[in-house]
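A.B. asks: Have a look at this prediction, sequence included:
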Amino acid sequence: ARPPPAPPPPPPRLTSEPARMWCMWLHLASLTAACRPPVSETRFARLAAAAISTGRPLRLTNRSVQLHAPFRLRSSQRLTIVGGDFHGDGHSLFQVEGSRQGLLDLRGVRLLHASSAERSERRARGAAIFVRGKGQLSLERCE
């Protein structure tokens with residue numbers, strides 16, 4: 001008969017100074033991830049342009065973006081945004097032009113659209129996302 005297999009070795013202990021520093025760094029990094037400064041509107045426009053040109057998703061998890069004017073997606077552009085909080089009080093946060101090729105794909109995004117005093121005075125309506133014509137919108141796990 002064979003002897004039973006040996007139990008797995010215990011996990012390594014964090015006794016060395018570099019290991020303790022590494023764990024402290026990971027802990028601090030996780031704490032500060034939610035406290036990162038907001039992405040400026042200009043920076044967001046540059047990041048979105050890069051994502052559109054490469055076809056890769058724009059990842060903004062644990063980041064917030066303050067939009068003072070609607071971000072416009074032209075008729076043949078496709079943009080996927082993963083994560084992030086978008087705040088704004090303009091007519092809309094996003095506008096998608098009217099073409100079947102245009103697509104705004106939002107995944108796990110929080111949209112916080114407020115009414116501005118100026119729009120309230122004029123009784124102007126707005127929407128967090130404004131899609132024109134045959135423009136396409138995809139929402140997945142969004143708030």
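C.D. replies: Structure received. Numbers count the residues shown, from 1 in each chain.
A.B. asks: give me the low-pLDDT residue ranges for this structure?
C.D. replies: Along the chain, the parts satisfying pLDDT under 70 run over 1, 10-35, 116-125.
A.B. asks: what about the strands in it?
C.D. replies: The residue ranges that make up the strands of the chain, judged by DSSP state E, are 58-59, 64-67, 71-73, 78-82, 85-88, 94-96, 103-107, 110-113, 129-131, 136-140.
A.B. asks: Please state the offset of the second one from the chain centre?
C.D. replies: In terms of C-alpha atoms, centre = their mean, to the nearest Å, the centre of strand 64-67 is found 10 Å from the chain centre.
A.B. asks: which outside residues touch it?
C.D. replies: Surrounding strand 64-67, the residues in contact under the criterion C-beta atoms under 8 Å, 6 or more residues apart in numbering are 38-41, 44, 84-88, 90, 93. Yep, even glycine has a C-beta here, placed from its N, CA and C like the rest.
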